[in-house]
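**Q** My questions are about this predicted structure, shown below with the sequence.
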Amino acid sequence: MKELVEVIAKSLVDHPEDVRVEEKQQDRQVTLELHVDEDDMGKVIGRQGRIAKAMRTVVKAAATRENKKVSVDIIE
């Protein structure tokens, strides 16, 4: 999951070298924290959060195949 979020985010931003994903796990719940450059926040979130919502949907679909619950948080 972590790699999936990283690849998607790097393809969207102007500063791909600043993209990093941290994984925090509690039992079956996994939280992926996506860190991007301040200037790239809008590109990752998108208008009205559409890109962020789409990214979360793709990650949840992939997580379902592995019987996990995954959430994605976007952080500066």
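**A** That came in fine, so what should we check first?
**Q** Averaged pLDDT, whichever helix or strand residue 6 is part of. What do you get?
**A** Element membership of residue 6 [criterion: DSSP states H and E] is helix 2-12. Averaged across helix 2-12, pLDDT comes to 94.
**Q** Residue 44 is in contact with residue 36, correct?
**A** Yes: the pair residue 36 / residue 44 is scored as a contact, 5.4 Å apart, by Cβ atoms under 8 Å. For the C-beta atoms, the positions are set from N, CA and C on the backbone; glycine is no exception.
**Q** Which residues are in contact with each of the two?
**A** 9, 13, 74 (Cβ atoms under 8 Å, 6 or more residues apart in numbering).
**Q** just checking, the last one touches residue 49?
**A** No: taking contact to mean Cβ under 8 Å, the distance of 9.5 Å between residue 74 and residue 49 leaves them out of contact.
**Q** which one of these two has more residues nearby?
**A** Set residue 74 next to residue 49 and count neighbours by other Cβ atoms under 10 Å: residue 74 wins out with 19 against 11.
**Q** Look up how far residue 70 lies from the residue lying farthest from the centre of the chain.
**A** Ranked by distance from the centre of the chain (Cα atoms, centre = their mean), the top residue is residue 27, with 19.7 Å. Going from residue 27 to residue 70 by Cβ to Cβ, to the nearest Å gives 13 Å.
**Q** what's the answer for residue 50, then?
**A** Distance from residue 50 to residue 70, by Cβ to Cβ: 19 Å.
**Q** So between the two, which is more surrounded?
**A** Between residue 50 and residue 70, counted using other Cβ under 10 Å, the more crowded position is residue 70 (23 against 10).
**Q** secondary structure class for that one?
**A** Following DSSP: H, G, I helix; E, B strand; the rest coil, the label given to residue 70 is strand.
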